[in-house]
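Chemist: for reference, the sequence and a predicted model appear below.
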Amino acid sequence: MTDAVQLVLADVDGTLVTKDKILTPRAIRAVHALRERGIRFAITSGRPPRGMAMLIEPLAIDTPIAGFNGGVLVHPDWSVIETKRLTHAQAEQVLKIITDHGADPWVYTSQEWIVNDADAPHVAREQWTVKFAPRVDDVSHHLDDVVKITGVSDDTTLMQKLERDLQEALGQTASAACSQPYYVDVTNRDANKGGVVTTLEALFDIPASAMVTLGDQPNDMLMFARSGMSIAMGQANETVKKAATHVSTSCEEEGFAIGLERYVLKDVRD
């Protein structure tokens, strides 16, 4: 049984925003409706924290922002709460596995996003999404301050294999999960969305059983498992849907807002 809802934690891409990265008026209204009922709202994403800057004002976010799937937690004024890094040895191992699979590696330090090739698949799209450009350099030269490494490929079968192989190789020493069908994110073992739930529990003294989480990808399943209620978007795969308490419509069909309206705001009004 879920406690009375005190906090909602949402994934960003494919959940809070549409595939075209649009934050709809209905989504904004749903978040403000939460606040009117005394329910806190927080966001977490594989994006760098500053890649979520455009969401702070329209959603009046006043809670910590969990970038890199929890690898860096910042206040809305960008002051850092905590950073969870990969070791140099882990970064080297991950980089080798990604390149051996034929995927493109992206390295995120606490300050920069680094790519080998600005013209590689999804670089331009990611730059448009996060609103800042990568540094183009040999990523292997930047492994001492790594918060996240992402493997990128449009071959979805290869990406599923890469996810499995990374998980097998890393075991419990780091976290590896697909954040999109074409991205596999590797972070510190405690930098995952389940860990974000635990961190918010401690910061706000709110039990996980009083939290609702929303998402659409395999890396969201860890926060589903920790929270009292979870809502998967309609475009999620069957494994993600089965891990959730409820399934909403897709992110293209106002799945975020409808999920809150149907399963959270209605409950509060009742």
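Modeler: Nice, thanks for sending it over.

Chemist: domains for the protein, by residue range?
Modeler: Listed by automatic domain parsing, the domain ranges of the chain are 7-83+191-269, 88-188.

Chemist: which of the ones you listed sits most buried?
Modeler: Mean neighbour count (mean count of other CB atoms under 10 Å) peaks for domain 7-83+191-269 among the domains of the chain, with a mean of 20. Quick note: C-beta positions are derived from backbone N, CA and C, even for glycine.

Chemist: quick one: average pLDDT of it?
Modeler: Mean per-residue pLDDT for domain 7-83+191-269: 95.

Chemist: other SSEs contacting the stretch of helix or strand residue 93 belongs to?
Modeler: For residue 93, the host element (DSSP states H and E) is helix 88-100. Judged by 3 or more CB pairs under 8 Å, 6 or more residues apart in numbering; DSSP states H and E, the packing partners of helix 88-100 are strand 104-109, strand 146-152, helix 156-170, strand 174-180.

Chemist: reformat those as TSV; add mean pLDDT.
Modeler: Below are the helices and strands packed on helix 88-100 laid out as TSV (pLDDT from 0 to 100):
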stretch	mean pLDDT
strand 104-109	97
strand 146-152	97
helix 156-170	97
strand 174-180	92
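
Chemist: now render these as TSV, adding distance to residue 18.
Modeler: Converted to TSV, those look like this (distance: least, CB to CB, whole Å):
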stretch	distance to residue 18
strand 104-109	23
strand 146-152	21
helix 156-170	20
strand 174-180	14
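
Chemist: who wins for proximity to residue 35 among the ones you listed?
Modeler: Among those, strand 174-180 comes nearest to residue 35, with 27.0 Å by CB to CB.

Chemist: what's the closest of the helices and strands packed on helix 88-100 to residue 6?
Modeler: So among the helices and strands packed on helix 88-100, strand 174-180 is nearest, using CB to CB, at 26.1 Å.

Chemist: any idea of the angle the closest one forms with strand 146-152?
Modeler: 50 degrees (axes from the mean of the first three to the mean of the last three CA atoms, to 10 degrees).

Chemist: in its sheet, what does strand 174-180 sit against?
Modeler: strand 183-188 (antiparallel) (DSSP bridges).
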